[in-house]
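Chemist: From the sequence below, what's the structure:
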Amino acid sequence: MSFVDFVRSLRPEQRLAWLVALAADALQIFAFPLFAEGGVSPADSALDLIVAVILIRLLGWNWAFLPSLAVELIPGADLFPTWTAAVWFVTRKRVKEGEVEILPPGPAPAPRR
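Modeler: Just a heads-up that it's a prediction; the model follows:
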């Protein structure tokens, strides 16, 4: 499955969750001096709590969000894109060989190659 196929297979709320997670991780990684330890550090924690609430509202509760939030609250550990990893874990689709894939109602999709 290519990246374009993956993005097309997502529901609108999943796409928005990806956007929120990528934006939050990019902000924390590239704007790290703003969120360094010190007086501005509460802004980093507030960003993480807001992102957690938004992702739970968009995707529903998933256990993948709990370790992501815990790691984000550790100073310096937010340099790893944990929100993006959590959203990937929640939105990935695993269909194993021989497993029946349940499709939504509507026209049949093109066969996989």
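Chemist: what residue ranges in this protein score low on pLDDT?
Modeler: For the chain, the stretches with pLDDT under 70 are 1, 3, 32-41, 93-104, 109, 112-113.
Chemist: For the chain, which segments are assigned as helices?
Modeler: 3-8, 12-30, 41-59, 65-72, 82-91 (DSSP state H).
Chemist: roughly how far is the third one from the heart of the chain?
Modeler: Just to be clear, that refers to helix 41-59. Relative to its parent chain, helix 41-59 has a centroid offset of 12 Å by C-alpha atoms, centre = their mean, to the nearest Å.
Chemist: Could you tell me the angle between that helix and helix 65-72?
Modeler: Angle between the axes of helix 41-59 and helix 65-72 is 160 degrees (criterion: axes from the mean of the first three to the mean of the last three C-alpha atoms, to 10 degrees).
Chemist: in helix 41-59, what's buried?
Modeler: Residues of helix 41-59 classed as buried: 44, 47, 48, 51, 52, 54, 55, 58, 59 (neighbour count, 16 or more other C-beta atoms under 10 Å). The way it works is simple: take the backbone N, C-alpha and C, and place the C-beta from them, glycine included.
Chemist: Adding distance to residue 111, write the helices of the chain out as TSV.
Modeler: Below are those laid out as TSV (distance: least, C-beta to C-beta, whole Å):
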stretch	distance to residue 111
helix 3-8	13
helix 12-30	23
helix 41-59	29
helix 65-72	35
helix 82-91	23
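Chemist: ok so, going back, and the buried residues of helix 41-59 as CSV, adding distance to residue 73?
Modeler: Output for the buried residues of helix 41-59, formatted as CSV (distance: C-beta to C-beta, whole Å):
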residue, distance to residue 73
44, 9
47, 11
48, 6
51, 12
52, 10
54, 17
55, 15
58, 21
59, 20
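Chemist: tell me which of these is nearest to residue 15?
Modeler: Of all the buried residues of helix 41-59, residue 15 sits closest to residue 58, with 9.5 Å by C-beta to C-beta.
Chemist: Do I have it right that that closest one meets residue 20?
Modeler: Yes: using C-beta atoms under 8 Å, residue 58 is in contact with residue 20, at 7.3 Å.
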